[in-house]
Every structure is written in C-alpha cells, then in structure tokens.
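S.K.: Sequence below, structure please.
(one chain, ligands or ions: 2)
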Amino acid sequence: MGEVRNISESTAVAPTIVEDTKESAQRAWAECLDILRTRVSAQSIKTWFEPISATSLDAGTLTLEVPSQFFYEWLEEHYTSLILETVTSVLGTTASVRYLIQEDEPDPEPALLTSQMPARSRDMALTDGNAVLPLDQPRQSAGLPQKPIATFLNPRYTFHNFIKGDSNQLARAAALAVANNPGGTSFNPLLLYGGVGLGKTHLIQAIGNHVLANNKARRVMYVSSEKFTVEFVDAIQSDTISEFSSFYRSLDVLIVDDIQFFSGKEKTQDNFFHTFNALHQLGKQIILSADKPPKELKGLGERLISRFQWGLTADIQPPDLETRIAILRKKSTDDGIELGQDVIEFLASHVTTNIRELEGCLITLLARASLENKDIDVELAKTVVRIVLGEVRTHLTIEDIQRSVCNFLNIPEELVRAKTRKQEIVSARQIAMYLSKELTNCSLKTIGLHFGGRDHSTVIHAYQTVEDLSSTDPNYRSTIQQIRSRIERHA
Ligand code: ADP
Ligand code: MG
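M.R.: Ligands and ions are numbered 1, 2, ... in the order given. Predicted coordinates for the structure are as follows:
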C-alpha cells in the first residue's frame with residue numbers, strides 16, 4: 001500500500017510529464033496483474049490480460065490500451081468489474097479505469113500480440129510426459145524434415161479483402177485474435193459455422209495466411225474434412241496410418257473445413273479425435289468450420305462434439321444489405337471496374353443469401369459486358385441475376401431434393417413417394433415438395449407425379465403449409481434453410 005501513496009503523491013504534487021505517468025501506470029498495472037493472476041486462470045491471463053498495456057495514470061485514472069474492439073467487448077462482458085476492483089485495491093477507492101482501443105487492423109504491430117508459439121510448444125513437448133508424440137517423431141514422419149509443408153492455402157483469402165459486417169463481426173474478430181496468437185488464446189478450437197457461401201472458408205484460410213505471413217507459426221495446413229477422410233482411408237489401405245497420424249500431429253495450426261462431412265464416418269472421426277487431443281495438448285491451434293452449430297451436427301460422436309465446444313464457436317450470418325453493397329464495391333474495384341450505384345443496389349437487393357452468388361453475378365456481368373460489348377446497366381444486371389440464380393435450378397432434379405430432405409431428416413427416401421400418412425413422413429414430403437417448387441423449374445403437376453402420383457393441389461397445399469410454418473416458427477424456418485443450403489451446395 002506504500003506504493004499507492006507514492007503514486008498518488010507523485011501525480012498530485014507535481015503534474016508529471018508523460019513518461020512519468022506512463023511509468024507509474026505500468027507499475028500500477030504490473031501490481032494489478034499480480035493480483036489478477038491469483039484470481040483467474042493462467043490461460044485467461046495470457047489471452048486477456050497480458051495483451052493489455054497501461055499507457056498513462058492521470059489523476060487516479062488508469063488508461064489501459066487493448067488490441068481491438070472485439071477484445072474490449074470481451075473484457076467488458078467478462079472482466080471489467082474484476083479489473084476495476086483490482087485497480088481500486090491498488091490505487092485507492094477513487095481510482096477509475098479508461099480503456100483505449102487500438103485500431104482493429106488485420107496487420108497489427110507484431111509487438112502487440114507477441115507469439116511465443118513455437119518456443120512454447122517445444123517446451124511443452126519436452127516437459128509434458130503425457131504428450132502424445134515424442135518431440136522428434138513428427139519431424140521424422142512428416143517426410144519433409146526441413147522443407148516447409150504444403151499448406152493448401154489459397155493466398156487469395158486474406159483478412160485484408162474480407163469485408164467486415166455485423167453478420168460476420170464476431171467470427172472475423174475471433175479469427176483475427178487466433179491469427180495473431182495461434183494456440184495462445186482460449187479460442188482453441190475456433191469453430192466457425194454458417195450457411196453456404198458466407199465466407200467460412202475465406203476466414204479460416206485467412207488465419208492460416210496471416211499466421212504464415214507474420215511468422216506466428218510454421219507448420220500450417222488447410223484440409224477439407226473430405227480430403228482428410230480420403231487420406232485416412234488411403235492410409236489404412238496402404239498400411240501407413242502411423243505416418244498419417246504423426247504428420248497431422250506435427251502441425252502447429254490445423255485448419256479443417258466443413259467438418260459436417262465427418263458425419264457417419266466413425267473410424268475417421270476416431271482418428272480425428274485423437275489428432276485433435278494430441279494437438280490441443282501440445283498447445284497447437286485447431287480451426288474448424290461447419291455448416292451448423294456443433295450441437296446440431298448429426299452423425300458426429302458426442303465426445304467429438306463436446307471437444308468442438310471447448311474453445312469458441314462463432315457464427316456467420318447472411319450479410320445485410322450494407323455489407324452486400326460494400327462487398328460488391330470492393331470486388332468490382334478490385335477487378336478494375338466502375339459499377340453504377342443503381343447496378344450495385346440492384347444486385348445487392350436481389351442476391352441476398354450467398355456471397356458466392358454475389359460474386360458469380362459480378363463475374364458473369366463482366367464477362368457479358370465485355371463479350372457482347374454492352375454497357376453494364378441494370379438491364380444487363382437483371383439478365384445476369386436470372387442466369388446465375390437460375391443455374392442452380394436447372395441442374396437439380398426432384399429426386400435429388402427428395403434424397404437430401406430424407407437424408408437430413410433421417411427417414412427412408414422411398415416413403416415420401418409412398419402413401420403413408422405418418423406425421424413425420426407427411427412433413428418431410430411437404431418440405432421436399434416445397435423445395436422442388438422453389439429449386440427446380442418443374443410444374444406443380446410434374447412435382448405431384450414424382451411424389452407417388454399426387455395431384456397439383458396437394459403440392460400447392462404443401463407449399464402453403466411450409467410457407468406458413470416458416471413464417472411462424474423460427475426453428476422450422478432454420479431447418480428449411482439448412483436443407484436448402486445443403487441442396488444448393490451439392491448442386
Ligand atoms: P463458405 O465457405 O462459407 O461456403 P466461402 O468462404 O467459400 O464461403 O465464400 C464464398 C465467396 O465469397 C468467396 O469467394 C469469398 O472470398 C467471398 N466472401 C465471403 N465473405 C466475404 C466477405 N465478408 N468479404 C469479401 N468476400 C467474401
Ligand atoms: Mg467453404
């Protein structure tokens with residue numbers, strides 16, 4: 001407490017020059033940190049308190065600089081009262097805390113969030129008797145002991161060209177935090193989920209690219225769950241499972257896209273489970289994406305799902321109008337073209353659920369305009385939107401839709417074409433009819449015929465029922481949306 005008097009005296013007696021207040025701020029904060037260390041976990045200290053720097057102490061107000069808006073929001077939700085309590089216990093009851101947010105830039109000064117990843121994981125591998133792999137094993141088995149590994153990252157996916165919006169705010173901020181400190185935050189694993197074409201792959205690859213560009217870690221790899229599965233099956237067949245496992249367990253950052261495709265593949269899940277544990281134990285970063293929240297992932301084992309929820313799960317929603325406009329602006333300028341405000345607004349208000357489709361429209365628009373030597377105007381945009389959004393429809397058959405709906409709802413496919421009136425079958429049939437109408441160009445009559453020869457009024461009734469339920473029941477609406485996304489993605 002003697003310390004406290006010194007500080008208040010020095011600020012009160014002689015209004016100090018900046019250096020002094022900074023020094024006393026740092027001293028006070030160091031003291032606070034010592035107290036905080038006894039009250040929160042070491043991991044939280046590392047993630048949330050060490051990146052904070054005290055920049056001034058002025059008339060009892062301690063200014064703390066935090067790395068980003070997101071970081072501040074997190075503190076606010078979890079720790080600001082604890083921080084204030086601690087600060088007043090050090091500086092006296094009248095002390096207060098002021099937060100200063102650094103620019104939330106994709107490439108902050110490396111000093112901001114220092115990464116001790118490689119050194120730390122080495123230490124852990126050396127000291128942790130339970131570590132799954134001996135230190136030298138990964139290097140041997142990786143096949144390419146010195147050379148960098150193939151990352152399978154697309155350099156096009158960066159934070160820099162990822163447009164920030166309300167719909168992706170948390171996911172982007174969390175991704176950035178992980179990218180700056182892989183394995184060193186409590187976001188391990190980081191799981192991003194959301195519908196098709198909303199930027200999951202972009203963001204999780206942006207983390208990998210950022211980590212490598214800023215030397216935060218070296219062994220970074222991106223893999224889709226399908227590719228992981230194929231490699232695993234190959235490894236079984238060629239009797240190279242131990243090489244396969246060692247390789248994945250030697251990574252610093254493992255990025256697995258679309259984990260919903262692990263569904264039903266128990267052996268692969270088993271292997272992935274052990275890989276996950278091994279990496280997590282070594283403090284390595286795991287980043288995952290899925291098309292829905294972990295709890296709703298069907299066909300995945302409980303223990304795997306519970307692991308996925310260890311870290312942070314963040315969703316990406318469809319972009320709002322402003323974000324869609326911003327994306328179109330950015331992408332068209334990047335492509336070196338000026339689009340009129342009317343064209344941008346037309347596209348942004350007609351292509352609403354999927355950023356990939358938005359890009360598709362832009363590309364088709366450019367192609368048309370240059371091939372046919374036309375101006376890019378709203379007329380052309382209309383044609384293009386029809387083509388791009390219509391394309392999905394022409395590929396799909398009613399059988400595809402029936403299969404997807406039944407798969408999703410876990411009922412035998414032939415029942416939607418049979419006579420049965422069991423409630424769950426009736427409901428599945430209605431959804432399949434609805435989506436057939438929405439996603440194909442087939443007539444009501446044709447649709448009815450594909451459902452065991454029902455007539456068109458049954459299809460109309462089904463359509464109406466699904467519309468009504470969707471507008472009153474958000475869970476139902478979300479189910480329909482998920483099935484639809486899945487169908488469109490396979491189209
Ligand atoms: P998902 O993996 O969720 O299906 P992707 O990451 O493949 O979606 O995104 C689809 C396309 O949209 C990609 O070309 C991606 O670059 C682009 N995209 C998605 N979100 C954004 C964003 N916020 N800003 C810029 N481009 C985006
Ligand atoms: Mg993807």
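
S.K.: C-alpha from now on. contacts and neighbour counts both.
M.R.: Fine.

S.K.: Residue 60 contacts residue 90, doesn't it?
M.R.: No - counting by CA atoms under 8 Å, residue 60 does not reach residue 90; the two are 10.7 Å apart.

S.K.: who touches both of the two?
M.R.: Between them, residue 60 and residue 90 share no neighbouring residue, with contact defined by CA atoms under 8 Å, 6 or more residues apart in numbering.

S.K.: Just to be sure, residue 365 is in a helix?
M.R.: Yes - following the definition DSSP: H, G, I helix; E, B strand; the rest coil, residue 365 is counted among the residues of a helix.

S.K.: show me where pLDDT drops low in the protein?
M.R.: Low-confidence regions of the chain, defined here as pLDDT under 70, cover residues 1-19, 103-148, 391-395, 491.

S.K.: what residues does it put near ligand 1?
M.R.: For the chain, the contact set with ligand 1 under CA under 6 Å from any ligand atom comprises 161-164, 196-202, 327, 355-356.

S.K.: which residues of this structure fall in strands?
M.R.: 53-58, 61-66, 96-101, 190-194, 220-224, 253-257, 285-290, 312-316 (DSSP state E).

S.K.: which one of those strands lies closest to residue 441?
M.R.: Across those, the minimum distance to residue 441, taken as CA to CA, is reached by strand 190-194, at 27.2 Å.

S.K.: Tell me the strands beside the closest one, with direction?
M.R.: Taking DSSP bridges as the criterion, strand 190-194 pairs within the sheet with strand 285-290 (parallel), strand 312-316 (parallel).

S.K.: Just want the angle from the longest one to strand 253-257.
M.R.: Here the directions of strand 285-290 and strand 253-257 differ by 10 degrees (axes from the mean of the first three to the mean of the last three CA atoms, to 10 degrees).

S.K.: The shortest one too?
M.R.: Here the directions of strand 312-316 and strand 253-257 differ by 40 degrees (the same axes, to 10 degrees).

S.K.: who's in contact with strand 312-316?
M.R.: Looking at strand 312-316 with CA under 8 Å, 6+ apart, the contacting residues turn out to be 167-168, 170-171, 174, 186-195, 198-200, 293.

S.K.: The residue lying closest to residue 154 once chain neighbours are set aside - how many residues pack around it?
M.R.: Among residues not flanking residue 154 along the chain, residue 205 sits closest, at 7.0 Å (CA to CA, 6 or more residues apart in numbering). Applying other CA atoms under 10 Å, we find 29 residues neighbouring residue 205.

S.K.: Residue 271 now?
M.R.: Residue crowding around residue 271 was assessed by other CA under 10 Å; the count is 15.

S.K.: for residue 472, same thing?
M.R.: Other residues near residue 472 number 10, with proximity taken as other CA under 10 Å.

S.K.: Over to the one 4 residues further on?
M.R.: The burial count assigned to residue 476 is 14, neighbours taken as other CA under 10 Å.

S.K.: Run a quick neighbour tally on residue 412.
M.R.: 11.

S.K.: thought it was touching residue 406?
M.R.: Yes - contact criterion CA under 8 Å: residue 412 and residue 406 qualify, at 6.3 Å.

S.K.: ok, back up a step: ranking the strands paired with strand 190-194 by burial, who's on top?
M.R.: Stretch with highest mean neighbour count among these: strand 285-290 (a mean of 26; mean count of other CA atoms under 10 Å).

S.K.: what distance separates that one from the centre of its chain?
M.R.: 8 Å (CA atoms, centre = their mean, to the nearest Å).

S.K.: now swap in stretch 236-244 and tell me
M.R.: Taking CA atoms, centre = their mean, one finds the center of stretch 236-244 at 31 Å from the center of the full chain.

S.K.: Adding distance to residue 257, write the strands paired with strand 190-194 out as CSV.
M.R.: Shown next, in CSV, are the strands paired with strand 190-194 (distance: least, CA to CA, whole Å):
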stretch, distance to residue 257
strand 285-290, 5
strand 312-316, 14
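
S.K.: Relative to residue 269, how far out is the residue most central in space within the chain?
M.R.: Centrality entry for the chain: nearest residue to the mean C-alpha point is residue 192, 2.7 Å, by CA atoms, centre = their mean. From residue 192 across to residue 269, the span is 19 Å (CA to CA, to the nearest Å).

S.K.: Next: residue 23.
M.R.: Going from residue 23 to residue 269 by CA to CA gives 52 Å.

S.K.: So between the two, which is more surrounded?
M.R.: Taking residue 23 and residue 269 together and counting by other CA under 10 Å, residue 269 has the greater number of neighbours (20 against 15).

S.K.: Which residue, other than its chain neighbours, is closest to that one?
M.R.: Here the nearest residue to residue 269 in space, its sequence neighbours aside, is residue 262; by CA to CA, 6+ apart that works out to 6.4 Å.

S.K.: Show the contacting residues for that neighbour.
M.R.: 225, 226, 229, 268, 269, 299, 300.

S.K.: Buried ones only from the residues you listed, please, as a PyMOL command.
M.R.: Here the buried members of the contacts of residue 262 are turned into a PyMOL selection, burial being counted by 16 or more other CA atoms under 10 Å:
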select buried, resi 225+226+229+268+269+300
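
S.K.: How many residues are close by the residue nearest to residue 295 when sequence neighbours are not counted?
M.R.: With sequence-adjacent residues excluded and distances taken as CA to CA, 6+ apart, residue 295 is closest to residue 305, at 6.8 Å. Here the neighbour count serves as a burial measure; for residue 305 (other CA under 10 Å) it reads 17.

S.K.: I'd say residue 305 and residue 293 touch.
M.R.: No - taking contact to mean CA under 8 Å, the distance of 9.7 Å between residue 305 and residue 293 leaves them out of contact.

S.K.: Show me the common contact partners of those two, please.
M.R.: Between them, residue 305 and residue 293 share no neighbouring residue, with contact defined by CA under 8 Å, 6+ apart.

S.K.: gap between residue 71 and residue 405?
M.R.: Relative to residue 405, residue 71 is positioned 41 Å away (criterion: CA to CA).

S.K.: Tell me which of these two has more neighbours.
M.R.: Residue environment comparison for residue 71 versus residue 405 gives the larger neighbour count to residue 405, 26 against 20, counting by other CA under 10 Å.

S.K.: which residues does the more buried one contact?
M.R.: Residue 405 makes contact with 428, 431, 432, 483, according to CA under 8 Å, 6+ apart.

S.K.: and with 10 Å instead?
M.R.: If a contact means CA atoms under 10 Å, 6 or more residues apart in numbering, then residue 405 has 399, 411, 413, 416, 428-429, 431-433, 435, 480, 482-484, 486-487 as its contacts.

S.K.: filter these to the buried ones?
M.R.: For the contacts of residue 405, burial is judged from neighbour counts taken by 16+ other CA under 10 Å, and it is met by 413, 416, 428-429, 431-433, 435, 480, 482-484, 486-487.
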